[in-house]
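Undergrad: No letters, just coordinates:
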């Protein structure tokens, strides 16, 4: 009995000891509740008696014990440590290419991408608040925080200011001048908007076209108000002393505006050569006036064709019957289809409607070169202005050749069109001829040939040719005196001492050549011109980029002259984009938000539009021009 009691007491004592031991162990190792310990390992106590923890990813050690050191430093390191994100299998997944990336999405990058998508695809601001879109985002990433439309507008504004700062930095650092176009547009809401577009050659010798401003412009739209608004834009961008030219259409208010703006810029002595090259007329609008004048003679057959197009496209049954008739005739290109703008789509439209009348066919053949020229100059990304001279020359030659034709209708059309042509191009301007001279395939010899084709009197041809040549040469020292210091500053910015020495040698050689009586222009003209047969697709800007060390001043002049826009079509393309942004469903969008959307889209994507709408956009441009 005593033995049993003794054994029971011994067992109780052992249980008490085990319980006491487990309690002591529990008190020594309390449970860790913080999630940071999934990413850190305790390394014991350091020499100063404070607990140390080591990161599982980068192996960096932090103090974490006592009242002074908690887990805040560990948590901050966890959020920024890239090695943790890659080493923790629970936080990673694979791409389709089996590349690993963090599962956690960077909210800043995600919001920037969303803002860029809204800008590019003309999505409404309320897009981010659609229930279906939010449900999709939550499914893809449950941790993603859906934003409101106000947050989206803030992100778009921030992106606009960031891209504006980048472009302003580029415009401030380029050595050459900036060419401009401007136009006024009436939106769907009947509000007026003004667009200012800048053209310049960047440091890589690429021609750039950027929308600088797309702002609300309330009436009156007078020349005084236009000049004040444009000068305000120039000061906003800090380019009021870097303007070279301004291309405008033929509106009377623009004629008054360019005189006022030219006077303002001249007061600051910021225009080259006294502003002789400042105002450029839009060649697309001039071409429109010329062709419309000629079409007045053929208004009767044009009216019949347009009415026929309306009748055929009036119902589906008529279109099917018409397609059967076209198939029976055969050998007709129907890829373009029937168009009411028969002045530009004349050939296919006429052939599909009537292939027997010879008179209209002659008119079609006569107008075809005008259509080709319109296609060349009516794009928002157009060739450098050296080709402009050749297009004007081709039109003048065509008109002179057909003035004495036996066909009365064609002859009457040419007479009317030649009168309108002479009104605007009674003589080729110096800047227009100098663009052609800066093309190494043309120079002076080819220019003389061109003048000979349009001037029957050889004495007048020589007078016209040499007057322009003589005007070009004296202007070069004047331009050089303005541009040369900029070129010197650019060379002085190189930190390498060796390159500075080479720059000084180049400058000495340039001075020696000038003192010997031969300028850069003389040396350039003395070299044989390039043959069109081998350099038909020559990039003129690339040519001057490769020869800028031989002709530094002439290359800078070329970057100014070749950047001059010959039309205002790029500004009108901005209005087409504006019509998609400010439509009847978004008529309450504030003007500053409209400017942010249109400008940022242009800076990021140029004038590109969706492929499905590209043909409609081109057709609208052609309809506006001819």
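TA: All right, it came through fine. Predicted model only: the values in this text are computed from it and were never measured.

Undergrad: C-alpha only now, for contacts and for neighbours.
TA: Noted.

Undergrad: Against residue 605, how distant is residue 577?
TA: 12 Å (C-alpha to C-alpha, to the nearest Å).

Undergrad: out of the two, which sits in the busier spot?
TA: Of the pair residue 577 and residue 605, residue 577 is the one with more neighbours under other C-alpha atoms under 10 Å, namely 20 against 12.

Undergrad: Excluding sequence neighbours, find me the nearest residue to the more buried one.
TA: residue 598 (7.1 Å; C-alpha to C-alpha, 6 or more residues apart in numbering).

Undergrad: name the helices or strands packed onto the helix or strand hosting the one you found?
TA: Using DSSP states H and E, residue 598 falls within helix 591-605. With contacts defined as 3 or more C-alpha pairs under 8 Å, 6 or more residues apart in numbering; DSSP states H and E, the packing partners of helix 591-605 are helix 107-120, helix 149-173, strand 207-216, helix 569-581.

Undergrad: Flag every buried residue along it.
TA: Residues of helix 591-605 classed as buried: 591, 594-603 (neighbour count, 16 or more other C-alpha atoms under 10 Å).

Undergrad: Could you dump those residues into JSON lines and include distance to residue 440 and pLDDT?
TA: Output for those, formatted as JSON lines (distance: C-alpha to C-alpha, whole Å; pLDDT from 0 to 100):
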{"residue": "591", "distance to residue 440": "46", "pLDDT": "92"}
{"residue": "594", "distance to residue 440": "43", "pLDDT": "93"}
{"residue": "595", "distance to residue 440": "40", "pLDDT": "94"}
{"residue": "596", "distance to residue 440": "41", "pLDDT": "95"}
{"residue": "597", "distance to residue 440": "41", "pLDDT": "94"}
{"residue": "598", "distance to residue 440": "38", "pLDDT": "93"}
{"residue": "599", "distance to residue 440": "36", "pLDDT": "94"}
{"residue": "600", "distance to residue 440": "37", "pLDDT": "95"}
{"residue": "601", "distance to residue 440": "36", "pLDDT": "93"}
{"residue": "602", "distance to residue 440": "32", "pLDDT": "92"}
{"residue": "603", "distance to residue 440": "32", "pLDDT": "94"}
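
Undergrad: so which of those comes closest to residue 402?
TA: Among the buried residues of helix 591-605, residue 602 lies closest to residue 402 (C-alpha to C-alpha), at 43.0 Å.

Undergrad: isn't that closest one right next to residue 210, touching?
TA: Yes - using C-alpha atoms under 8 Å, residue 602 makes contact with residue 210 at a distance of 6.7 Å.

Undergrad: ok so, going back, which residues are contacting the helix holding residue 598?
TA: Applying C-alpha atoms under 8 Å, 6 or more residues apart in numbering, the contact partners of helix 591-605 are 119-120, 153, 156-157, 159-160, 163-164, 210-216, 574, 577-578, 581-582.

Undergrad: what's the angle between it and helix 149-173?
TA: On the basis of axes from the mean of the first three to the mean of the last three C-alpha atoms, to 10 degrees, helix 591-605 is oriented at 60 degrees to helix 149-173.

Undergrad: Endpoint to endpoint, stretch 289-306 covers what distance?
TA: Using C-alpha to C-alpha, first and last residues of stretch 289-306 are 20 Å apart.

Undergrad: Can you point out the buried residues in it?
TA: Residues of stretch 289-306 classed as buried by neighbour count (16+ other C-alpha under 10 Å): 289-295, 297-298, 302, 305-306.

Undergrad: for stretch 108-125, same thing?
TA: Counting neighbours by 16+ other C-alpha under 10 Å, the buried set in stretch 108-125 is 111-112, 114-116, 118-120, 122, 125.

Undergrad: Reformat these as a markdown table; add distance to residue 224 and pLDDT.
TA: What follows is the buried residues of stretch 108-125, written out as a markdown table (distance: C-alpha to C-alpha, whole Å; pLDDT from 0 to 100):
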| residue | distance to residue 224 | pLDDT |
| --- | --- | --- |
| 111 | 43 | 91 |
| 112 | 40 | 93 |
| 114 | 41 | 93 |
| 115 | 38 | 94 |
| 116 | 37 | 94 |
| 118 | 37 | 94 |
| 119 | 34 | 93 |
| 120 | 35 | 91 |
| 122 | 34 | 89 |
| 125 | 36 | 93 |
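
Undergrad: still on that earlier bit, give me the angle between the helix holding residue 598 and helix 107-120.
TA: Using the same axes, to 10 degrees: helix 591-605 against helix 107-120 is 100 degrees.

Undergrad: Between strand 207-216 and helix 591-605, find me the angle.
TA: Using the same axes, to 10 degrees, the inter-axis angle of helix 591-605 relative to strand 207-216 is 170 degrees.

Undergrad: Taking helix 569-581 as reference, get the angle to helix 591-605.
TA: Angle between the axes of helix 591-605 and helix 569-581 is 120 degrees (criterion: the same axes, to 10 degrees).
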